[in-house]
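1. Quick one, structure for this:
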Amino acid sequence: MVNSMTSFARHSSNSQAGQLTWEIRTVNSRYLEPHFRLPDSLRELEPALRDALRQQFSRGKIECFLKLQTDNSNQSLSVNTDRLNELASALDQIRATIPDSSNPDALALLAWPGILRNEGSDQPMLLEQALDGFRQCLDVAQHTRAREGAELANLIRQRIDAMTALVKDVQTHLPEALAAQRQQLQNRLTDMLDGKENLASQERLEQEMVILAQKADVAEELDRLRTHITEIGRILKRNEPIGRRLDFMMQELNREANTLSSKALTSVTTQAAVEMKVLIEQMREQVQNIE
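-> All right, here's what the predicted structure looks like:
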């Protein structure tokens, strides 16, 4: 299955502490790059979130945002004295180093992460609900990536079909091109010898034709192009991340198209090579978004 690395997903759910809203945004990247933005009260959840994410995705820059909209109307608030003592100790160290530093007021202390806590909330349950919401949001993102990946696969197959037609066209015109080049050499030698045919001129023609055949033989390039095209078709059917494999195949296709262009005998071959490189570049751009 072909998966894109681009997606957006949102999932909201209600918990005892309030509404949990996840947003996941993914874009292309060579590696897996997860980034989390979480409320301080749920920061301890990050290792479990990373594990869940790695089970779904293997590549891409993935930004995950969690918003907790709390409803404190029916909950009592209390001060986390352990956290407050830690903050006070840190302030004492600052005052020892910078004696004239100003002291924070009570409201500033209450606003510090972790100082206030909701007595009515069940932290383990809240963590589980947040993790479950994250998994559901991941599923939505994965479906989006799969849907877009299917479209990308269709675009690549269309261009592969076009390349197959170009390879067949070059193969069909190759004997005609070689014959035309042979006749051109024959005419040139005839003009040089004023129409006099002899064994030496015939031998020279054969030598020129051997050299020409070696320089203009694109059979190997055409065979390799067909092989690469077939392999790309197989890769698109794999049920695993295929972006890097496809990127490598684009490099190989481009290599053969360049060689074909350098050996071109006729405008037909030259034009076919140019069109191939255009198709390859179009596919390369799409491949950059495939996981």
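2. where does this protein dip in pLDDT?
-> By pLDDT under 70, the low-scoring segments of the chain are 71-77, 116-121, 178, 180-186, 188-206, 208-217.
3. Would you mind giving the domain segments of it?
-> By the assignment in automatic domain parsing, the chain contains the domains 7-75+125-147, 77-111, 149-287.
4. Pull up the distance across the first one, start to finish.
-> Which is domain 7-75+125-147. 10 Å (CA to CA, to the nearest Å).
5. now do the last one
-> End-to-end distance of domain 149-287: 10 Å, with CA to CA as the criterion.
6. Relative to the whole chain's centre, how far out is it?
-> 29 Å (CA atoms, centre = their mean, to the nearest Å).
7. Quick one: end-to-end distance for stretch 53-63.
-> 11 Å.
8. can you redo the domains of the chain as JSON lines with distance to M1 and mean neighbour count?
-> Using the backbone N, CA and C atoms, a C-beta is placed for each residue, glycine as well. Converted to JSON lines, the domains of the chain look like this (distance: least, CB to CB, whole Å; neighbours: other CB atoms under 10 Å):
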{"stretch": "domain 7-75+125-147", "distance to M1": "6", "mean neighbour count": "16"}
{"stretch": "domain 77-111", "distance to M1": "47", "mean neighbour count": "11"}
{"stretch": "domain 149-287", "distance to M1": "5", "mean neighbour count": "15"}
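9. Confirm for me that N80 is in contact with P113.
-> No. Between N80 and P113 there is no contact under CB atoms under 8 Å: 10.1 Å.
10. Counting residues, name the longest helix you see in this structure.
-> In the chain, taking DSSP state H as the definition, the longest helix is helix 123-192.
11. name the helices or strands packed onto it?
-> Applying 3 or more CB pairs under 8 Å, 6 or more residues apart in numbering; DSSP states H and E, one finds that helix 123-192 contacts strand 7-15, strand 18-27, helix 46-56, strand 60-70, helix 199-216, helix 219-235, helix 243-262, helix 267-287.
12. got the angle between it and helix 46-56?
-> Between helix 123-192 and helix 46-56, the angle comes out at 40 degrees (axes from the mean of the first three to the mean of the last three CA atoms, to 10 degrees).
13. angle of helix 123-192 against strand 60-70?
-> 160 degrees.
14. Identify the residue spatially nearest to A257, adjacent ones excluded.
-> Leaving out its chain neighbours, the residue that sits closest to A257 by CB to CB, 6 or more residues apart in numbering is M276, at 4.3 Å.
15. Distance check, the one you found against Q142.
-> Note on M276: its distance to Q142, by CB to CB, to the nearest Å, is 34 Å.
16. A153 too?
-> From A153 to Q142 the distance is 16 Å (CB to CB).
17. again with A48
-> 18 Å.
18. and if you look at M250?
-> From M250 to Q142 the distance is 25 Å (CB to CB).
19. circling back to that earlier point, which one, of the helices and strands packed on helix 123-192, ends up nearest to P39?
-> strand 60-70 (4.7 Å; CB to CB).
20. quick one: strands adjacent to that closest one?
-> strand 18-27 (antiparallel), strand 32-37 (parallel) (DSSP bridges).
21. Turn these into TSV, columns for distance to E285.
-> Shown next, in TSV, are those (distance: least, CB to CB, whole Å):
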stretch	distance to E285
strand 18-27	15
strand 32-37	21
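22. So for Q282, which of these sits nearest?
-> That would be strand 18-27 among these, by CB to CB, at 20.0 Å.
23. Okay, angle between that closest one and strand 7-15 too, please.
-> 170 degrees.
24. Next, the residues that contact strand 18-27 from outside, please.
-> Residues outside strand 18-27 that contact it (CB atoms under 8 Å, 6 or more residues apart in numbering): 5-14, 57, 60-71, 129-130, 133-134, 136-138, 140-141, 145.
25. show me the contacts for V274.
-> Per CB under 8 Å, 6+ apart, neighbours of V274: S261.
26. what residues does stretch 36-50 touch?
-> 34, 63-68, 113-114, 117, 123, 126-127, 130-131, 134.
27. and if we set it to 7 Å?
-> 34, 64-66, 68, 113-114, 127, 130-131, 134 (CB atoms under 7 Å, 6 or more residues apart in numbering).
28. Stretch 143-152 now?
-> 1-9, 26, 286, 289-291.
29. now N85: how far from N14?
-> 34 Å.
30. my bad, I94
-> For I94, the distance to N14 - CB to CB - is 41 Å.
31. and what of R25?
-> 23 Å.
32. ok, L131 - contacts?
-> 45, 48-49, 52.
33. so I156 makes contact with E285?
-> No. The criterion here is CB atoms under 7 Å, and I156 misses it with E285 at 10.5 Å.
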